[in-house]
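# whatever this is, show me its structure:
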Amino acid sequence: MIKDLLSQLKSLWQKRHSEVEKKFKRTLPFADYIVDRWEKAKILGFGEGSSVYDSALIIGDVKVGEETWIGPFVVLDGSGGLEIGSHCSISSGVQVYSHDSVNWATSGGKSSYDYAETRIGSNCFIGPNVIISKGVTIGDGCVIGANSLVLSDIPPNSKAVGSPCRVIGKTGKSKPRIIFIGASTIGLQCLEIMTQSSLYNVVGAITLPETFSISYRPEGVKNVLFADIKKYCQSHDINCIVMNEGMKDPGLFERVKALSPDLFIVVGWYHLIPKSWLDLAPAYGLHASLLPDYTGGAPLVWAMINGEKKTGITFFQLGDGTDSGPIVAQESVNINQEDTIATLYKRIEDKGRNLFKEHLPRIINGSMDLKPQDESKRRVYPNRSPEDGKIEWTLPADKIYDFVRAQTKPYPGAFSELGSNKVTIWSCRKSQEDMIKRPLPSEIVEADQRIFVGCGQESTLEILKIAVNNEDVPVYDWWVKNMDSKNNPKFNI
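Down below sits the predicted model:
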């Protein structure tokens, strides 16, 4: 039995030895031929696509990002905390420490070990047999020469070598020149991600005022998700242009062209990016749906109105058409029965921010895998205006419930009219009350100081929160003022 096992191991070793020698022009320790280093990285909780040789020694709390290669005979000491970013190459024989026992040894064991977190940024190359001392931070984009002893921090994008290690220059690859285009809260969050990272160089931004003109509403529409991008840019010394004349303004294009962008990032924007801009530099952005479905305006509002159970967010490269272009990545989000547009949008924001942070480095280094959109699955929806929120009371209660929660705060709201008064319904619920007589569609009734409205298919909604002529008022107080001793009031149809 032992002979058979040894024979199988020898056969596996010969096969793997031949494969590795042919592909990588190298030989490996015996165990590294047998163990799947990508599977080992997964077991250790390292990022997607990372690999670690079996002969590497991993100790304590070690965090590793995506697509990082950890070579043979590496020592990663996480006893004091060790973090390595994405897309790094940690060469053979590298030793990275987050503790030392110098004081313990020299004091005859009277002093304790010393611990300090050590960090290696993303996109770093650490040459063979480098030793990195505890508490050191190596910035993004660094190259550390072979046999170096790193005792102090190394700034981002540095070439460093020696014992002790010293900076001798900058890495050759310059950071891409990015122009951000956006005007909403999620856009600001993505801008913050870029400005807080050494991977990116944001050379300019384009934004909108809180109320702006757009093709479907030339007189102006208020951005209820507005974020003050200009103020943020001023505090971070970023050239910011507030657009007033539209994206086809030749003067605007010339100002953008003068910034020599390598890339546009478009998040929280409401205008189509012109082809001339896309010819100048590629553009990537976020859209709040699982493209190609729910292409167009207000995708989350439409999804909720339509009673969808699932939606999501897509990171994609912008094409010539509306929300066209290949997909970088997507994340799905469930639409719960108790959700409103505000709670759904918060979860979409969180997913979008994480998607952006995870995949933008891949766009920068060219490792992203783009997936074409399936045109046969595209459904296109138009933009919405406040006037589109008028309630059709002949619809069943569950449809009206979805209609109301899809347009509640921070949006203008679903509304109806009672006489000359506009009544905005912020919150409602489907009634399970066993009424002797069901109210007719649009008929308003009271029971135990609760207010109900008749809907289609003999269904009923209970009204919970309202505004009258844009002023929030208690529902029952409003009812008392409008009750009729002979007839129940009805919303205008």
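# ok, and the helix or strand in the chain with the lowest average confidence?
helix 30-34 (a mean of 59; mean pLDDT, DSSP states H and E).
# what helices or strands is the following helix or strand past that one leaning on?
Moving toward the C-terminus from helix 30-34, the first helix or strand encountered (DSSP states H and E) is helix 37-43. Judged by 3 or more Cβ pairs under 8 Å, 6 or more residues apart in numbering; DSSP states H and E, helix 37-43 is in contact with strand 51-52. To be clear about C-beta, it is placed using only N, CA and C from the backbone, and glycine gets the same treatment.
# which residues are in contact with residue 359?
Counting by Cβ atoms under 8 Å, 6 or more residues apart in numbering, residue 359 touches 315, 328-329, 368.
# where does pLDDT dip in this protein?
The chain contains residues with pLDDT under 70 at 1, 3-6, 8-10, 12-35, 172-174, 215-216, 434-436, 484-486.
# same thing but 50
By pLDDT under 50, the chain has no low-scoring segment.
# just checking, next helix/strand downstream of the helix or strand containing residue 472?
In this structure, residue 472 sits in strand 471-473 according to DSSP H and E. Sequence order places helix 475-482 as the next helix or strand after strand 471-473, per DSSP H and E.
# what lies in contact with that following helix?
By Cβ under 8 Å, 6+ apart, helix 475-482 touches 418, 423, 444, 446, 449-451, 463-466, 468, 489.
# related to what we said a few turns ago, could you pick out which of the contacts of residue 359 are located in strands?
315, 328-329 (DSSP state E).
# can you list the strands that the strand holding residue 472 pairs with?
Looking at strand 471-473 with DSSP bridges, its partner strands are strand 459-468 (antiparallel).
# before we move on, back to that, pick the one among the contacts of residue 359 closest to residue 397.
residue 315 (37.0 Å; Cβ to Cβ).
# and the closest residue to residue 354 other than its chain neighbours, how close does it get to residue 310?
Excluding the flanking residues, the one nearest residue 354 by Cβ to Cβ, 6 or more residues apart in numbering is residue 331, at 7.6 Å. According to Cβ to Cβ, to the nearest Å, residue 331 and residue 310 sit 11 Å apart.
# name the residue in those two with the higher neighbour count.
Between residue 331 and residue 310, counting by other Cβ atoms under 10 Å, residue 331 is the more crowded of the two (17 against 10).
# which parts of the helix or strand hosting the more buried one are buried?
Using DSSP H and E, residue 331 sits within strand 327-334. Buried residues in strand 327-334, counted by 16 or more other Cβ atoms under 10 Å: 327-331, 333.
# which residues are contacting that strand?
Contacts with strand 327-334, where a contact means Cβ under 8 Å, 6+ apart, come from 284, 290-291, 309-317, 344, 347-348, 351-352, 354-355, 358-359, 362-363, 368, 370-373.
# mark which of those residues are buried, thanks.
By 16+ other Cβ under 10 Å, the contacts of strand 327-334 give 284, 290-291, 311-317, 344, 347-348, 351-352, 355, 358-359, 362-363, 368, 373 as buried.
# restricted to strands, list the residues you listed.
Counting by DSSP E, the buried ones among the contacts of strand 327-334 place 284, 311-317 in strands.
# tell me which of the residues you listed is nearest to residue 52?
residue 315 (28.1 Å).
# the closest one reaches residue 289, doesn't it?
No - judged on Cβ atoms under 8 Å, residue 315 makes no contact with residue 289 at a distance of 12.0 Å.
# and for the residue nearest to residue 385 when sequence neighbours are not counted, the neighbour number?
Leaving aside its chain neighbours, residue 385 sits nearest to residue 217 (5.8 Å; criterion: Cβ to Cβ, 6+ apart). Applying the criterion other Cβ under 10 Å, we find 14 residues in the vicinity of residue 217.
# ranges for the strands of the stretch 201-350 of the chain?
For the stretch 201-350 of the chain, the strands defined by DSSP state E, counting those that start in this stretch cover 201-207, 211-214, 217-222, 240-242, 263-266, 283-287, 295-296, 310-317, 327-334.
# right, and these - which one's nearest residue 229?
Across the strands of the stretch 201-350 of the chain, closest to residue 229 is strand 201-207 (Cβ to Cβ), at 3.8 Å.
# centre of the chain to the closest one, how far?
Centroid separation between strand 201-207 and its chain, computed with Cα atoms, centre = their mean, to the nearest Å, is 19 Å.
# just checking: what are the partner strands of that strand?
strand 177-181 (parallel), strand 240-242 (parallel).
# show me which residues of the last one are buried.
Of the residues in strand 240-242, those scored as buried under the neighbour-count criterion (16+ other Cβ under 10 Å) are 240-241.
# next, format the ones in strands among the contacts of residue 359 as JSON lines and append distance to residue 299.
As requested, these are exported to JSON lines (distance: Cβ to Cβ, whole Å):
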{"residue": "315", "distance to residue 299": "14"}
{"residue": "328", "distance to residue 299": "17"}
{"residue": "329", "distance to residue 299": "17"}
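# which among those residues gets closest to residue 393?
For the ones in strands among the contacts of residue 359, the nearest to residue 393 is residue 315 (40.0 Å; Cβ to Cβ).
# what's the nearest residue to the closest one if we skip its chain neighbours?
Closest to residue 315 by Cβ to Cβ, 6+ apart is residue 328, at 4.4 Å.
# hang on, the earlier thing: closest one to residue 136 among the strands paired with strand 201-207?
Judged by Cβ to Cβ, the one of the strands paired with strand 201-207 that comes nearest to residue 136 is strand 177-181, at 29.1 Å.
# I'd like the next helix or strand past that closest one.
Using DSSP H and E, the helix or strand that follows strand 177-181 in sequence is helix 185-195.
# which other residues reach that following helix?
Contacts of helix 185-195 (Cβ under 8 Å, 6+ apart): 178, 180, 182, 200, 202, 205, 225-229, 232, 236, 238, 265, 267-269, 286, 348-349, 352-353, 356-357, 360.
# let's see it at 7 Å
When contacts are defined by Cβ atoms under 7 Å, 6 or more residues apart in numbering, helix 185-195 is touched by residues 178, 180, 182, 200, 202, 205, 225, 227, 229, 232, 236, 265, 267-268, 286, 349, 352-353, 356-357.
# buried residues in stretch 124-134?
124-128, 130-134.
# any idea how far apart the tips of that stretch sit?
Taking Cα to Cα, to the nearest Å, stretch 124-134 runs 18 Å from one end to the other.
# contacts for that stretch, please.
80, 85, 88-100, 114-116, 118, 120, 138, 141-151.
# check stretch 261-268 too.
176-184, 186-187, 190, 203, 225, 273, 277, 280-286, 318.
# buried subset of those residues?
By 16+ other Cβ under 10 Å, the contacts of stretch 261-268 give 176-184, 186-187, 190, 203, 273, 277, 280-281, 283-286, 318 as buried.
# circling back to that earlier point, which of the contacts of helix 185-195 are buried, as a ChimeraX select command?
Entered in ChimeraX, the line below selects the buried ones among the contacts of helix 185-195, by 16+ other Cβ under 10 Å:
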select :178,180,182,200,202,205,227,229,232,265,267,268,286,349,352,353,356
